[in-house]
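> model this:
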Amino acid sequence: MALPGSYPARRKDGTEYFRASITYKDRHISLGSFDSDKKAGEAYLIATKILNSPDEFSPEDYEKQGVPLSFDRWIVLLNLKKTGIYCKNPILLYGKYFLYYIDRKTALKFDVDDMFFYRTHRIQKRGNHLFYSDYGMQTSLLSRYGVRSFAVKNRDYFFKNGDENDYSYGNIVIVNRYNGVQRRLYRGRYVFEVKIHMLGNVTVGRYSDETEAAIAYNKAADSIEEKFREKNSLKEYHEDTYGGEDDNMRTHAGKAEDISGKSDDCINCVGQKSDTQYDVFYNSRLEYAEKCNNSENEENDEKSEKSRKYRSWRRNYVEDIKNSEYLKMYERIKFTKSFRRYLNEL
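Numbers count the residues shown, from 1 in each chain. Prediction:
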């Protein structure tokens, strides 16, 4: 006869094992699977003691008890008794923050605002890399704070209080937010240095403003792509400087494609600021839209309506780019002499 809280079961190969579970405040809680009825019964008894006895237990008491109950289940039961909130992950709530136990020796600290997210997302560790699964993808833990996956600790970001296990929002300070941009001391003052990787790192320039530096990286990527179309560099999207709101308008301004399928690259020319070139750039798109509008191919009403909506969106898209702060900054960007020389040698 099975002990209280222990239930026999069989695996697919026919071997017998025992499941342990407990019911607390109308909630059925699994305690795990065990090889013997005795271990399952012991797990049930310690779970009953944690939840129903007046004694207070702590995470440090786990090793003292010497029970087969897993450490994760131990933390889950402690939190359930303390707060009345059931979390399937090893979370222990303390007022305005909570601890997430990776193992017995490692506890990550988070703001209480993140509790409901980590109730359903389990944190995993591989080496020194912390991540969680989200829609089938392995996502870096630091990405929730705006830290890029290739960022370097103490260069691109750092922990304000020095505690690498404290993931409170106020404790993680991001220094370098954008691709190819690094804040560094240069000739007695801090500047944002832009480098792009092309057969090695090449310095694009140094700028006093971070956003300007990020846009300079985009312009440098465009200039290189003029020479090598197969080069696919990451671009930066800046919501503060870009006028459009549509998600489809987040295309980099300097790489807008003609709807005829041909790319107009006059906007990417380095060192040229002619207004005539930009007028040609935009007028060519508007003229093409007008030609499409006067097209005789309107036999299919449904296709015609879709085409009309697209042309309308395209005209608004061009105007938004033309009037955006992004483009104004894009035009003002200047490269170093060495980088201009590098472009000419490509």
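
> Could you use CA atoms for every contact and neighbour count after this?
Noted.

> By mean pLDDT, which helix or strand of the chain comes out lowest?
Within the chain, no helix or strand scores below helix 275-293, which has a mean of 52 by mean pLDDT, DSSP states H and E.

> does residue 199 count as helix, strand or coil?
coil (DSSP: H, G, I helix; E, B strand; the rest coil).

> what does the one 5 residues further on give?
The three-state label for residue 204, taken from three-state DSSP, comes out as strand.

> Check the one 10 residues further on too.
Remark: residue 214 carries the secondary structure label helix [criterion: three-state DSSP].

> Pull the number of nearby residues for it.
By other CA atoms under 10 Å, 25 other residues sit near residue 214.

> Would you check that it makes contact with residue 180?
Yes. Between residue 214 and residue 180 there is a contact under CA atoms under 8 Å: 7.4 Å.

> Quickly list what's touching both of the two.
residue 194 (CA atoms under 8 Å, 6 or more residues apart in numbering).

> Can you give me the buried ones in stretch 65-77?
Using 16 or more other CA atoms under 10 Å as the test for burial, stretch 65-77 gives 68-69, 71-77.

> swap in stretch 197-205?
203-205.

> hmm, back to that, export the buried residues of stretch 65-77 as CSV, with columns for distance to residue 304 and pLDDT.
Output for the buried residues of stretch 65-77, formatted as CSV (distance: CA to CA, whole Å; pLDDT from 0 to 100):
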residue, distance to residue 304, pLDDT
68, 70, 86
69, 67, 90
71, 64, 93
72, 60, 94
73, 61, 94
74, 64, 94
75, 62, 95
76, 60, 94
77, 63, 94
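
> Now go through the residues you listed and say which are in helices.
Members of the buried residues of stretch 65-77 lying in helices (criterion: DSSP state H): 71-77.

> of all the residues you listed, which comes closest to residue 24?
The shortest approach to residue 24 among these belongs to residue 77, at 9.9 Å (CA to CA).

> Name all residues that make contact with the closest one.
Applying CA under 8 Å, 6+ apart, the residues contacting residue 77 are 47, 50-51.

> Columns distance to residue 197 and secondary structure on top of those residues, output as a markdown table?
Shown next, in a markdown table, are those (distance: CA to CA, whole Å; DSSP: H, G, I helix; E, B strand; the rest coil):
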| residue | distance to residue 197 | secondary structure |
| --- | --- | --- |
| 47 | 57 | helix |
| 50 | 57 | helix |
| 51 | 58 | helix |
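
> Can you say which of those residues are buried?
The buried subset of the contacts of residue 77 - by 16+ other CA under 10 Å - is 47, 50-51.

> In JSON lines, list the residues you listed along with distance to residue 141 and pLDDT.
Formatted as JSON lines, the buried ones among the contacts of residue 77 follow (distance: CA to CA, whole Å; pLDDT from 0 to 100):
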{"residue": "47", "distance to residue 141": "31", "pLDDT": "92"}
{"residue": "50", "distance to residue 141": "32", "pLDDT": "92"}
{"residue": "51", "distance to residue 141": "32", "pLDDT": "92"}
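
> of all the residues you listed, which comes closest to residue 138?
Using CA to CA, these come closest to residue 138 at residue 47, 32.8 Å.

> how near is the closest one to residue 17?
19 Å (CA to CA, to the nearest Å).

> Could you list the low-confidence segments of the stretch 101-250 of the chain?
228-250 (pLDDT under 70).
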